[in-house]
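Participant: sequence? don't have it. structure:
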């Protein structure tokens, strides 16, 4: 089936105008080829395929009306009724005026199929589905962009943390500084924060001092200490750090309570 023209509705344009250029072009060509040549598109991506599926029934309905119009359409029912009026009146009629009585069903003429009619607009769900898909794509792009931005910021802070350790290499050695950096610069799953940033308090010089005094991994390598000893000392260092943090928090809380008058200060 080939046609010289077909009907395009404003709602078709409103439904596809906000789509990306490549998707909008695919959908535009699909509508044109189907409306003019009856060729249904294949291998369309999901978004244009779903939109075309919603538009296709309206194109099919217009094509059926076009074909019926070419055949002349159905005869007017009014003409059939006129032929029946010339028949002799029935028993329920009191005169021969040829007009139907009130107890008869009067058939009203309807326009032929080749006459212009007000055609229904396609389903508004087309616009709603397209807008929803567009909003989802925009939201996903924004979320991905935010995630990349936060990860980039964390990597920049990680570089600054590494640079802050360089002045201590001469004092503690490269191996210990590397182990210290690898441990405290570890990032969380979302890559928005490093391990050291989650600590309630942080003084780099004191942390390095605790690490060197309790872990001493760089000295263990020089003295030939086995890995099991190193692991035990590292655990001890971590316990000491946690204990120091806990003691620091307790002292701060007690000082706050004393300032608020909740604790009685005793000299004994």
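Facilitator: Structure received. Just so it is clear, the model here is predicted, and its values are computed rather than measured. Residues are numbered from 1 along each chain as shown.

Participant: from now on I want contacts and neighbour counts done on CA atoms only, so please keep to that.
Facilitator: Noted.

Participant: now whichever helix or strand residue 55 is part of: mean pLDDT?
Facilitator: Assigned by DSSP states H and E, residue 55 belongs to helix 46-70. Confidence for helix 46-70, expressed as mean pLDDT, is 87.

Participant: now do stretch 28-35
Facilitator: Mean predicted confidence for stretch 28-35 is 88.

Participant: tell me the SS of residue 163?
Facilitator: Here residue 163 is recorded as helix under DSSP: H, G, I helix; E, B strand; the rest coil.

Participant: what is the neighbour count of it?
Facilitator: Per other CA atoms under 10 Å, the neighbour tally for residue 163 reads 10.

Participant: so how far is residue 181 from it?
Facilitator: Separation of residue 163 from residue 181 (CA to CA, to the nearest Å) stands at 10 Å.

Participant: between these two, which contacts overlap?
Facilitator: Common neighbours of residue 163 and residue 181, using CA atoms under 8 Å, 6 or more residues apart in numbering, do not exist here.

Participant: quick one: list the elements packing against the host helix or strand of residue 142.
Facilitator: Using DSSP H and E, residue 142 falls within helix 125-165. Packing partners of helix 125-165 (3 or more CA pairs under 8 Å, 6 or more residues apart in numbering; DSSP states H and E): helix 10-16, helix 46-70, helix 174-184.

Participant: recalculate using a threshold of 7 Å.
Facilitator: On a contact count with 3 or more CA pairs under 7 Å, 6 or more residues apart in numbering; DSSP states H and E, helix 125-165 meets helix 10-16.

Participant: hmm, who's touching the helix or strand just after the helix it packs on?
Facilitator: In the C-terminal direction, the helix or strand that comes right after helix 10-16 (DSSP H and E) is helix 21-37. Helix 21-37 is touched from outside by 1-6, 16, 39-41, 48, 52, 59, with contacts defined as CA atoms under 7 Å, 6 or more residues apart in numbering.

Participant: in helix 21-37, what's buried?
Facilitator: Buried residues in helix 21-37, defined by neighbour count with 16 or more other CA atoms under 10 Å: 23, 24, 27, 28, 30, 31, 32, 34, 35, 36.

Participant: again with stretch 142-152
Facilitator: Neighbour-count burial for stretch 142-152 flags residue 151 (criterion: 16+ other CA under 10 Å).

Participant: I'd like the distance between residue 209 and residue 176.
Facilitator: Going from residue 209 to residue 176 by CA to CA gives 11 Å.

Participant: next: residue 144.
Facilitator: From residue 144 to residue 176 the distance is 37 Å (CA to CA).
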